[in-house]
Structure formats: C-alpha cells, structure tokens
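**Q** Okay, predicted coordinates and the sequence, questions at the end:
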Amino acid sequence: MLADYTSAGQLACGDGEEKKELPSSKSKEQSFKEVPEGNMTSSRFLQAELELNTHLRRLSFSEPVRYIYNPLEYAWDTHRCYVEKYCQDGQSVLFLGMNPGPFGMAQTGVPFGEVKSVVDWLKITGEVGHPEDEHPKRRITGLACTQSEVSGARFWGFFRKLCGEPAMFFRHCFVHNLCPLIFMSTSGKNLTPPELLKGEREALLALCDIALCQVVETLGVSMVIGVGKVSEQRARRALSAAGINVRVEGIMHPSPRNPLANKGWEAVAKAKLEELGILSLLNNTSTNHPCQEF
C-alpha cells in the first residue's frame with residue numbers, strides 16, 4: 001500500500017527564521033497514487049519513490065539551504081513516463097547518480113535529464129509544473145528549457161553514440177538518482193548533499209539508502225555503478241549494511257567541474273565499462289542496433 005503522499009514536512013530557512021511547509025501537492029494526489037499494474041517492476045519502483053517522498057517531506061534543512069526542489073513532485077508526469085517506458089524486468093545494471101542538476105532532472109524529471117537527450121533520444125513526453133517556492137534565477141521551464149546540462153548531455157550522448165537506440169541500452173541497464181532533491185542557496189547556487197550540514201545530510205541520506213535498497217531488490221540488478229565517487233561509496237555502504245549481495249563499481253562523473261572529465265570523459269567511461277564487462281551487454285548482435293564504435 002502506498003504511503004499517504006500528502007503528509008506535511010517543514011523546511012528550515014535558518015536559525016531564527018520562520019519555517020515553511022513543503023507543498024502538499026494535493027492537486028496531484030490522485031496522479032501520484034495511480035501506479036500502473038501492467039509492469040510490476042515499474043510499479044514497485046514508482047511505489048518505492050513515493051514512499052521515499054513521504055519520508056523526505058518530514059525533514060528540515062538549515063542554511064546554507066534556502067530552496068529545495070523535488071522533481072518527483074512537480075515533474076512527476078515526465079518522470080513516470082521515463083520509468084514506465086524504460087524500467088523493466090531483466091535489467092542487470094543500475095547506473096546511480098547522486099541528485100538532480102538544475103538544468104537536468106530538475107527540469108525534466110529524468111536522471112541526467114538534459115532536455116535534448118530526454119526529448120530527442122529518450123522520447124519522453126508530459127507536463128512539468130513548478131515547485132511552490134522557486135528561486136527567481138532558477139525557474140523551472142520543463143521540456144522547454146534551453147539551457148543544456150553538460151553532465152547529462154555527456155552521459156546520454158555517450159550511450160546514444162554507443163548504442164544507437166534507447167532499447168539497446170535499457171535492455172540491460174537503468175539509470176536512477178540516489179536522492180531526488182536539489183538544494184540551492186539564497187543566491188541560487190546549487191548545493192550538493194555533501195555541502196549540507198552533517199546531521200541534516202545524514203538524515204537525508206539514511207532515507208535515500210533505504211530507498212536504494214528497495215529499488216535494487218525491485219530491479220533485481222547484479223551490479224550498481226555509481227556515477228561519481230560519492231554515489232559509488234554511498235551505494236557500497238548502504239547495500240553492504242543491508243546484506244544485499246550486489247557488486248558495486250564506479251565510473252567517473254561527467255561533470256564539467258571535473259577537469260579530468262573535460263579532457264575526454266567518453267574515452268574514460270568506455271574503458272571502464274569495457275573493464276567491467278558492460279560493453280558486451282550493449283553489443284547484442286541479435287538486435288537491429290549494433291554497438292557503434294567511437
């Protein structure tokens with residue numbers, strides 16, 4: 001049974017400041033609870049996310065956090081499209097990002113969701129709304145967003161070049177973020193979970209760890225590949241603590257903040273995936289979309 005998504009939480013804007021409630025999303029309550037029955041894997045996956053959202057709404061965050069967006073609320077339509085379309089039985093590899101980027105999943109509801117990749121390659125459709133409290137410099141424009149997120153463009157661009165069609169990639173792989181929330185300071189600066197206050201960060205990630213374990217068991221994957229060191233380390237810790245016997249590996253994050261990624265992320269990622277034996281999963285000659293060489 002799905003948890004009641006409308007339970008309210010509190011957001012702390014800083015010591016001595018008035019706390020404000022997270023939006024209850026009552027207008028979308030029915031949409032949130034209508035999890036499809038056809039694909040039980042995607043249904044259970046969506047349920048795990050809904051339950052995580054319920055718990056996250058009870059958390060509070062202090063400065064430097066001022067704005068919090070949850071695309072699993074306002075971009076649920078496109079996110080659900082992504083999950084229903086591509087989350088399926090038989091997938092053995094889960095690529096795990098950390099949390100949404102401001103011009104990626106924050107806009108589209110798709111992990112590493114750079115708009116052109118989401119629209120042109122993944123063929124995701126749907127409506128994207130708005131968080132209740134938006135930073136004036138970080139407006140949500142959804143699939144109409146013209147700003148490209150470098151990390152997402154690199155990530156999905158790599159697999160598009162490698163696989164040709166989404167069906168080739170998603171035959172064995174799926175992509176998910178550990179945490180669905182994006183945090184911003186008063187100035188609009190993006191804050192990653194490691195930049196949060198320690199106690200608040202640990203409370204957040206403890207909930208995300210539990211949800212990750214549920215997701216991994218739902219998908220039945222045999223390998224989790226953290227995209228970036230933080231995701232890799234967190235996944236290894238969470239899955240080990242839960243006694244879930246899954247191989248955890250990592251690849252370099254494609255972030256433009258990473259000088260090494262700027263020098264040729266695709267080549268590094270391809271070499272690592274070849275080392276892990278993943279490229280062979282993306283080169284199934286029985287399909288109409290053979291793996292392409294760079």
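**A** Ah, there it is. Because the structure is a prediction, the values reported are computed rather than measured.
**Q** Can you pull out the low-pLDDT segments for the protein?
**A** By pLDDT under 70, the weakly predicted segments of the chain are 1-38, 284-294.
**Q** Mind jotting down where the strands sit in it?
**A** For the chain, applying DSSP state E gives strands covering 10-11, 20-21, 67-69, 93-97, 173-177, 182-184, 190-191, 223-227, 247-251.
**Q** center of this structure, which residue is that?
**A** Taking CA atoms, centre = their mean, the centroid of the chain lies closest to residue 177, which sits 2.8 Å from it.
**Q** List the contacts of that residue.
**A** 96-100, 105, 111 (CB atoms under 8 Å, 6 or more residues apart in numbering). Yep, even glycine has a C-beta here, placed from its N, CA and C like the rest.
**Q** ok, now how distant is residue 67 from residue 39?
**A** 34 Å (CB to CB, to the nearest Å).
**Q** With residue 178 instead?
**A** Distance from residue 178 to residue 39, by CB to CB: 23 Å.
**Q** So between those two, which is more surrounded?
**A** More crowded of residue 178 and residue 39, by other CB atoms under 10 Å: residue 178, with 24 against 17.
**Q** Kindly confirm whether my reading is correct that that one touches residue 235.
**A** Yes - with contact defined as CB atoms under 8 Å, residue 178 reaches residue 235; the gap is 7.2 Å.
**Q** hey, what's in contact with both of those two?
**A** Common contacts of residue 178 and residue 235 (CB under 8 Å, 6+ apart): 96, 212.
**Q** before we move on, back to that, would you list the strands of the chain in TSV and tack on distance to residue 121?
**A** Below are these laid out as TSV (distance: least, CB to CB, whole Å):
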stretch	distance to residue 121
strand 10-11	35
strand 20-21	38
strand 67-69	24
strand 93-97	15
strand 173-177	13
strand 182-184	23
strand 190-191	24
strand 223-227	18
strand 247-251	20
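**Q** For residue 213, find the nearest of these.
**A** strand 223-227 (10.5 Å; CB to CB).
**Q** Excluding sequence neighbours, find me the nearest residue to residue 229.
**A** What sits nearest to residue 229 in space, not counting adjacent residues and going by CB to CB, 6 or more residues apart in numbering, is residue 250, at 6.4 Å.
**Q** Over to residue 201?
**A** That would be residue 193: by CB to CB, 6+ apart, it lies 5.6 Å from residue 201.
**Q** Tell me how far that neighbour lies from residue 173.
**A** Where residue 173 is concerned, residue 193 sits at a distance of 24 Å (CB to CB).
**Q** list the contacts for the residue nearest to residue 201?
**A** For residue 193, the contact set (CB under 8 Å, 6+ apart) comprises 98-99, 179, 183, 201, 204-205, 230.
**Q** In helices, which of those appear?
**A** Taking DSSP state H as the definition of helices, those contribute 201, 204-205, 230.
**Q** Looking at these, point me to the pair that's furthest apart.
**A** 204 and 230, at 12.9 Å, using CB to CB across the ones in helices among the contacts of residue 193.
**Q** and the spatially closest residue to residue 159 that is not a sequence neighbour, how many residues sit next to it?
**A** Residue nearest to residue 159 in three dimensions, not counting chain neighbours: residue 169, with 5.0 Å by CB to CB, 6+ apart. Residues near residue 169, counting by other CB under 10 Å, number 24.
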